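S.K.: Any chance you could fold what I've pasted below:
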Amino acid sequence: MAATAGDRIRIIAGTAGRDLGQAICAELGRPLSESFTTKYYNGCTYVQVRENVREADVFVVQSSTEPVNDHLMELLMLIDACKGASAQRVTAVLPIYPYQQSDWKDQPRIAITARLVADLLLAAGADRVLTIDLHAAQIQGFMSCPCDNLTALPLVAAAFREQGLDMSQVVAVATDVGRAKLVRRYARRLDLPLAIIDKERLDERTVRALHVIGDVGGKDAILFDDIIGTGGSLVSAANLLREHGARRIFAGAVHAVLAAGAVERLESSVFEGIVITDTVPSRHKLKGMTSFKVLSVAPLLAEAIRRIHIGESVSALFDD
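M.R.: Numbers count the residues shown, from 1 in each chain. Got it, this is the predicted structure:
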């Protein structure tokens, strides 16, 4: 029997989205739909949706974490399986969009992989994409289906307001000129002055902070970014802020990829505290670490899913 009109929503989670999928379902007061993923002897992935999705409004939750390619392929297969099972609509729920930092051609003969991912999602049958804090807003333009780009910025900003800092003695700091526009949004929300780090990238993993544009002397500094990769930029910037007389130094970011020893690098640095979200599964990496505070984006995604399902405005979530 097809899903009834009052129970047409299905939440399915891939391997990298299981914890967040469970949390979203808890917010919505419904169970996570059952699915199964395994690997054949030859390395090929096998997925099966073990629940009726005919004429259902399906939301497939999958994060982007190592191994990224395996999780991306699993996502595409889950979408295809749902479309093949006559789902009415399939929304890809991507807390962090795969390959989002490969969004333009900065060298000859390279792939614009963020656009390729958009093509793959459409080819697999995604009718809609729901994601959080794209590295570049232009990625929305890569898609010919609706794409809702939520933001967890208010969540991260509120966490610092709740810490009881004397905001008259705090400055918001951008890790580089390119992030200044993003950090200005934090600064406005928290009513803080803005400073900017002038940095030089030496290679993929090595960054050197050169100058501080703005006054940080005798103040607490909060470094804001959208993605924490290896942590190199943050540590280099924090050390430079300390040299320029900053007192306590904090960091806040939405996407915590935390690759290549980033956790240990940040934990042993000068940071007093680091606020991140669970768009990328990281709790297993942070066991025993005291510097990190992890915020859940499940309530945000759950409310967006509810609004999409019943046809309400998603942008109204951020009208303030």
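S.K.: Near residue 181, how many other residues are there?
M.R.: 9 (other C-beta atoms under 10 Å). For glycine as for every other residue, the C-beta is placed from the backbone atoms N, C-alpha and C.
S.K.: same thing with residue 9?
M.R.: For residue 9, using other C-beta under 10 Å, the count is 18.
S.K.: Low-confidence stretches in this protein?
M.R.: When residues are selected by pLDDT under 70, those of the chain lie in 1-6, 199-209, 320.
S.K.: As a check, name the ranges of all helices in the stretch 201-320 of the chain.
M.R.: Remark: helices assigned in the stretch 201-320 of the chain by DSSP state H, counting those that start in this stretch are 232-243, 262-267, 298-310.
S.K.: Show me which positions of the last one end up buried.
M.R.: Which is helix 298-310. 298, 300-305, 307-308 (16 or more other C-beta atoms under 10 Å).
S.K.: can you check the shortest one too?
M.R.: Residues of helix 262-267 classed as buried by neighbour count (16+ other C-beta under 10 Å): 262-263, 266-267.
S.K.: Excluding its own residues, what touches stretch 21-35? List them.
M.R.: The contact list for stretch 21-35 (C-beta atoms under 8 Å, 6 or more residues apart in numbering) reads 9-14, 18, 47-51, 53, 61, 78, 93, 278, 296, 298-299, 301-303, 305-306.
S.K.: Can you check the distance spanned by it, start to finish?
M.R.: 12 Å (C-alpha to C-alpha, to the nearest Å).
S.K.: Quick one: distance of the longest helix seen in the chain to the chain centre.
M.R.: What stands out as the longest helix in the chain, according to DSSP state H, is helix 68-84. Computed by C-alpha atoms, centre = their mean, to the nearest Å, the separation of helix 68-84 from the middle of its chain amounts to 19 Å.
S.K.: List the neighbouring strands of the following helix or strand past that helix plus their orientation.
M.R.: Toward the C-terminus, helix 68-84 is succeeded by strand 89-94 as the next helix or strand (DSSP states H and E). Within its sheet, and counting by DSSP bridges, strand 89-94 is paired with strand 57-61 (parallel), strand 128-132 (parallel).
S.K.: got the angle between strand 89-94 and helix 68-84?
M.R.: 170 degrees (axes from the mean of the first three to the mean of the last three C-alpha atoms, to 10 degrees).
S.K.: Buried residues, strand 89-94. List them.
M.R.: Neighbour-count burial for strand 89-94 [16+ other C-beta under 10 Å]: 89-94.
S.K.: what does stretch 18-30 give?
M.R.: In stretch 18-30, counting by 16+ other C-beta under 10 Å, buried: 18-25, 27-28.
S.K.: Closest to residue 42 out of the residues you listed?
M.R.: When the buried residues of stretch 18-30 are ranked by distance to residue 42 (C-beta to C-beta), residue 18 comes first, at 24.6 Å.
S.K.: In CSV: the strands paired with strand 89-94, plus distance to residue 180 and mean neighbour count.
M.R.: Output for the strands paired with strand 89-94, formatted as CSV (distance: least, C-beta to C-beta, whole Å; neighbours: other C-beta atoms under 10 Å):
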stretch, distance to residue 180, mean neighbour count
strand 57-61, 32, 28
strand 128-132, 21, 22
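S.K.: Perfect, that will be all.
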